[in-house]
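Enquirer: 3D, please:
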Amino acid sequence: MPGDNHLLIEYDDGLERSKVTISLRRRWGVLVLYSFALMVWIAMLVIFLAYLIGGFSSSIVLTILLLVWLVIWLGFGRFLWKRWQHQAAGREILFVDRDKLIIRRPISILGITTAYDMGHVSPLYFSDIHKCPAFDYAYLHVYFGQDLRNQEAEELINAINRRWFPESDIIS
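Expert: Modelled structure (predicted):
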């Protein structure tokens with residue numbers, strides 16, 4: 001919907017589960033920065049591996065330091081890859097059934113998928129700090145639908161709480 005400030009929210013309520021698809025706005029500046037950082041990360045990884053495999057290091061201490069640095073570098077790459085996928089996704093999909101709540105941000109066959117056991121999921125609520133729907137998973141606060149307007153977020157929260165948390169007093 002060009003020129004429309006509303007995001008598209010699609011509800012698919014079945015007998016066994018609910019599926020909610022929320023279209024997202026891409027933040028192109030942030031996506032470009034993450035893409036550049038990912039390219040730099042890949043280039044540096046190739047240089048590290050070439051240096052280690054090429055045997056340029058005659059010192060065992062230097063080789064051990066480079067291996068430790070490589071482990072740290074791979075951890076940073078994993079973080080960077082997840083953040084890039086988070087920014088590149090064009091939609092967010094919630095799957096809710098009696099056993100699990102799944103949040104998926106697909107990018108083709110890639111993308112971030114997180115699953116939460118419904119036994120530990122609190123009813124959804126509106127986070128005043130982050131201005132988006134949220135739920136608590138044990139001690140973890142999980143936020144989604146950051147691009148939704150307040151009214152759209154409230155409607156989504158009410159629809160999910162009515163269906164999956166009927167005992168909740170959060171339903172307005």
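Enquirer: strands of this protein, start to end?
Expert: 9-13, 17-23, 91-97, 100-107, 110-117, 125-127, 132-137, 140-143 (DSSP state E).
Enquirer: can I get those in JSON lines including mean pLDDT and distance to Pro166?
Expert: For every residue, glycine as well, the C-beta is placed using N, CA and C. As requested, these are exported to JSON lines (pLDDT from 0 to 100; distance: least, C-beta to C-beta, whole Å):
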{"stretch": "strand 9-13", "mean pLDDT": "89", "distance to Pro166": "14"}
{"stretch": "strand 17-23", "mean pLDDT": "93", "distance to Pro166": "13"}
{"stretch": "strand 91-97", "mean pLDDT": "94", "distance to Pro166": "13"}
{"stretch": "strand 100-107", "mean pLDDT": "94", "distance to Pro166": "15"}
{"stretch": "strand 110-117", "mean pLDDT": "91", "distance to Pro166": "19"}
{"stretch": "strand 125-127", "mean pLDDT": "94", "distance to Pro166": "15"}
{"stretch": "strand 132-137", "mean pLDDT": "95", "distance to Pro166": "15"}
{"stretch": "strand 140-143", "mean pLDDT": "95", "distance to Pro166": "21"}
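Enquirer: let me see the domain layout of this structure.
Expert: 9-24+90-164, 30-87 (automatic domain parsing).
Enquirer: quick one: the helices in this protein?
Expert: Remark: helices assigned in the chain by DSSP state H are 28-54, 60-88, 150-164.
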